[in-house]
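Novice: From the sequence below, what's the structure:
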Amino acid sequence: MTKRILLTLLFLASLTCPLLWSQDLSAAEILERVDRTISEPEDQQMEATLILIDDKGNERTRVIEMYQKGAERRLARFTEPADQRGIAVLSLPGGNIYVYLPAYRKVKRIASHVKNSRFAGTDFTYEDMEAKSYSKAYQPSLLRTESDHFVLELIPEDRASEYSKLVMRVRKDTLVADEIEYYDKAVRACKRLTSSNFEKIDGYWVAREQEMVDLMRNHRTRMIMRDIRFDQGLSEDLFSERQLAR
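Specialist: Sure thing, here's the model as predicted:
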């Protein structure tokens, strides 16, 4: 076998091996890979347009800036419209979530029993906004394997969670989650998060669009991401109560 043929075979193997290797992963390993994709950058920041759509098709638009460091620190702050500007939520390790409401000029810690409240009228609750490691927060099992996806069932470790379980669809080729279905305490599908328009930016996979649908209210929130930047050297001081109220 010539050197050129060998190099060609190695190149072709490099394209197919990730998919082949993924066939033998356990549910826990798949979820760890999903976490790795999310938290692989040292930090990330972006701006997003949120489009809130009610059951009659009426739309409201908001703009939010988001910052994340690692897997467990996240800050999100509204910049538009004027009546929402400055509303912010901060997620820190240990499930600690804080919100700042400019009208009251006060930072408030979100108690566990109200984490199911919707954040600033969107279809995302405070629990949804929490930065966390899925593999630490849920017990996974493999429901089934499809041609292009693994389908995982995730049971929350925290009994205070508003959800009884999540069903996550994970793409085999990239091991990123492109759909999560949320089930309430009565084990009814209550919400669905869909991620789409995936793009690799600076070596990291990111979804340019997400949509959270409240299946009970027939209400949805579309999120369109832009100005996405990674590894900017964000300071840990940014993720503090003091910065939340700036």
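
Novice: how about low-confidence regions in the protein?
Specialist: 1-23 (pLDDT under 70).

Novice: Please repeat the previous calculation with a cut-off of 50.
Specialist: Under the criterion pLDDT under 50, the flagged ranges of the chain are 3, 5-21.

Novice: Run through the helices of it in chain order.
Specialist: Assigned by DSSP state H, the chain shows helices spanning 3-22, 27-39, 126-129, 134-137, 241-244.

Novice: now Leu158: how far from Gln68?
Specialist: No, residue 158 isn't Leu; it's Asp. According to C-beta to C-beta, to the nearest Å, Asp158 and Gln68 sit 21 Å apart. Placement of C-beta: from N, CA and C, glycine included.

Novice: Which of these two has more residues huddled nearby?
Specialist: Neighbour count, other C-beta atoms under 10 Å: between Asp158 and Gln68, Gln68 has more, with 23 against 14.

Novice: ok, the more buried one - contacts?
Specialist: Asp43, Gln44, Gln45, Arg74, Leu75, Ala131 (C-beta atoms under 8 Å, 6 or more residues apart in numbering).

Novice: Pretty sure the fifth one sits against Gln45.
Specialist: No: the pair formed by Leu75 and Gln45 falls short of the contact definition of C-beta atoms under 8 Å, at 9.2 Å.

Novice: Need the residues touching each of these two.
Specialist: Met66, Tyr67, Gln68.

Novice: if I read this right, the first one contacts Gln45, doesn't it?
Specialist: Yes: in terms of C-beta under 8 Å, Met66 counts as a neighbour of Gln45; the distance is 6.7 Å.

Novice: Sketch out the strands for this protein, chain order is fine.
Specialist: Using DSSP state E, the strands assigned to the chain run over residues 43-53, 59-69, 73-80, 88-92, 96-101, 106-109, 138-145, 149-156, 165-171, 177-183, 189-201, 204-214, 219-230.

Novice: Buried deepest among these, which one?
Specialist: strand 88-92 (a mean of 22; mean count of other C-beta atoms under 10 Å).

Novice: neighbouring strands for it, and are they parallel or not?
Specialist: strand 73-80 (antiparallel), strand 96-101 (antiparallel) (DSSP bridges).

Novice: okay if I get those strands as JSON lines plus distance to Ser141?
Specialist: As requested, those are exported to JSON lines (distance: least, C-beta to C-beta, whole Å):
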{"stretch": "strand 73-80", "distance to Ser141": "27"}
{"stretch": "strand 96-101", "distance to Ser141": "27"}
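
Novice: Quick one: closest of these to Cys190.
Specialist: strand 96-101 (20.1 Å; C-beta to C-beta).
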